[in-house]
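[1] Take this sequence and fold it.
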Amino acid sequence: MFPTPRAERFPANTPAASQVFTTVLAQGPLTRLEVARRAGLSPAAVTKAVRPLIEAGYLAEDADAQAPPALGRPANLVRVDGGRALFVGIKVTGDEIIGVLTDLCCRIRATRRTSLTSRDLTAVLAAVAAAVQELRIEADGSGAAVLGVGIAVSGDVDRGEGTVRYSPFLEWHDVPLAELAATTNGLPVTVDNDVRALTVAEQWFGAGAGLSDFAVVTVGAGIGCGLVVHGRVVAGAHGVAGEIGHVTVDPTGPPCHCGNRGCVEAIAGDAAILRRIREATGTEVADAAEAVRLAHNGVAAAREAYARAGEAIGRGIATVANLLGPERVIISGEGLAAYDLFAEQIRDAFTAAAFGSAARCDVQIRPLTFEEWARGAAATAIQSFIRADTYT
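    A predicted model of the protein is given here:
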């Protein structure tokens, strides 16, 4: 086992310093003047914030050969030194642990995947600990320490408390996962809902970088949604903001496990699509991959099930656009293997249901692997290390 490292504190001890660093992290390299403009700070405030971050090795400056010279000297670009610190991200599914080792810029350096033989808490903690240890071995000799671990779990998660209130896939209730995992691994641990974790990664390192308002919608076993409003990930008063999967789009539709009828997830989740195909054909369909194959082979019931799913997803996205007016909606998740089967229906339903200028929202498709979900978990660990004012 690794010895517990002395806790390292990030040297951004003011809101301005944190804002400067996150601006450079998400949008850099940038000149100091550009940092000031994008962060809404004075050049003097940026210079004051940058100095201790450079001294501690978190930021570096390089001459910008493309910039016009100022007083005979090229401007300097400020950038994050990604190799200064390392982080581990863990995505826990119902049957697998996916782990990644990332640098400070959330670039993946190593990955690990381990099958879960049990969803029992003790077994999962042991598997997580083993994955973290293997990834720390990968980090050994890099010259940088692993400073935190992020764990992403589906369901109702209270990040502030580090508690999984309820995870339907793991069948967990009120599990203090951050505390238990920190004791096991000897590192600070951040636990968050998997979709919100993915949203953090998109906000700082992906298609949401530089945007003030956007949403991430995930399609697969469930239908999830992460929201960024005025530059902040929204968790809500009770940790369930963005539950697009449980927006009713057909009051006479199929029953949902939440107790309502016609929810987006009850129509467009993998289980709902499989059930609809089975009922229509009278044949057993093993999994989503087989359902996709049937649809691609022209089976009418399968194609109809995906078309109906696309319509439900499009209406759900329109609800988000109507309520919040985001600049962009990013559609992702493992269910995008079937995207060609329902893309047209998503766009048509979105356009029909979006009100006025909300229809101008940029809808992007981002197919992501499960390693990207684990990268999202690492992003939450990076975020926790850099700043405490994470959510609204």
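
[2] Apart from its neighbours in sequence, what residue is nearest Phe355?
    Asn322 (5.0 Å; Cβ to Cβ, 6 or more residues apart in numbering). Quick note: C-beta positions are derived from backbone N, CA and C, even for glycine.

[3] burial count for that neighbour?
    By other Cβ atoms under 10 Å, the residues close to Asn322 number 15.

[4] Does Gly99 belong to a helix, a strand or coil?
    Recorded secondary structure, Gly99: strand (DSSP: H, G, I helix; E, B strand; the rest coil).

[5] ok, it to Ala49 distance?
    33 Å (Cβ to Cβ, to the nearest Å).

[6] Repeat that for Ala300.
    Per Cβ to Cβ, Ala300 is found 61 Å from Ala49.

[7] For these two, indicate the residue with more neighbours.
    Neighbour comparison, Ala300 and Ala49: the larger count goes to Ala49, with 27 against 11 (by other Cβ under 10 Å).

[8] From what I see, the more buried one and Ala12 are in contact.
    Yes: with contact defined as Cβ atoms under 8 Å, Ala49 counts as touching Ala12 (7.2 Å).

[9] Spit out the residues that contact those two alike.
    20-21 (Cβ atoms under 8 Å, 6 or more residues apart in numbering).

[10] The nearest residue in space to Ile273 that is not next to it in sequence is in what secondary structure piece?
    Excluding the flanking residues, the one nearest Ile273 by Cβ to Cβ, 6+ apart is Ala305, at 4.9 Å. Taking DSSP states H and E as the criterion, Ala305 maps to helix 300-324.

[11] Go through that helix and flag the buried ones.
    301-303, 305-306, 308-321, 324 (16 or more other Cβ atoms under 10 Å).

[12] next one: stretch 266-284
    Buried residues in stretch 266-284 (16+ other Cβ under 10 Å): 266-270, 272-274, 276-277.

[13] average model confidence for that stretch?
    Mean pLDDT, computed over stretch 266-284, is 92.

[14] what's in contact with it?
    With Cβ under 8 Å, 6+ apart, stretch 266-284 has contacts from 219-223, 245, 249-250, 253-257, 260, 265, 285, 287-288, 291, 294, 299, 301-302, 304-306, 308-310, 312-313, 316, 335.

[15] Against which helices or strands is the helix or strand harbouring Leu180 packed?
    Element membership for Leu180 (DSSP H and E) is helix 177-185. Secondary-structure packing of helix 177-185 (3 or more Cβ pairs under 8 Å, 6 or more residues apart in numbering; DSSP states H and E): helix 121-139, strand 146-153, strand 163-167, strand 189-193.

[16] Tell me which residues are up against that helix.
    121, 125, 128-129, 132-133, 149, 151, 153, 161-164, 188-191.

[17] Stretch 18-28 now?
    12, 30, 35, 38-39, 41, 45-46, 49-50, 53, 58-59, 77-80, 104-105, 203-205, 209-210, 386-387, 389.

[18] Sketch out the helices for the stretch 1-150 of the chain, chain order is fine.
    Using DSSP state H, counting those that start in this stretch, the helices of the stretch 1-150 of the chain run over 15-27, 32-39, 43-55, 121-139.

[19] got the angle for the first one vs helix 43-55?
    Between helix 15-27 and helix 43-55, the angle comes out at 70 degrees (axes from the mean of the first three to the mean of the last three Cα atoms, to 10 degrees).

[20] Can I get helix 15-27 in PDB, CA atoms only?
    Coordinates of each C-alpha in helix 15-27 appear next as PDB, following Å, rounded to 0.1, in the frame of the first residue of the first chain:
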ATOM      1  CA  PRO A  15     -11.900  33.700  -5.600                       C
ATOM      2  CA  ALA A  16     -10.000  35.700  -8.200                       C
ATOM      3  CA  ALA A  17      -7.100  33.300  -8.200                       C
ATOM      4  CA  SER A  18      -9.400  30.400  -8.600                       C
ATOM      5  CA  GLN A  19     -11.200  32.100 -11.400                       C
ATOM      6  CA  VAL A  20      -8.000  32.900 -13.200                       C
ATOM      7  CA  PHE A  21      -6.800  29.300 -12.900                       C
ATOM      8  CA  THR A  22     -10.000  27.800 -14.100                       C
ATOM      9  CA  THR A  23     -10.200  30.200 -17.100                       C
ATOM     10  CA  VAL A  24      -6.700  29.200 -18.200                       C
ATOM     11  CA  LEU A  25      -7.500  25.500 -17.500                       C
ATOM     12  CA  ALA A  26     -10.600  25.500 -19.700                       C
ATOM     13  CA  GLN A  27      -9.700  28.000 -22.300                       C
END
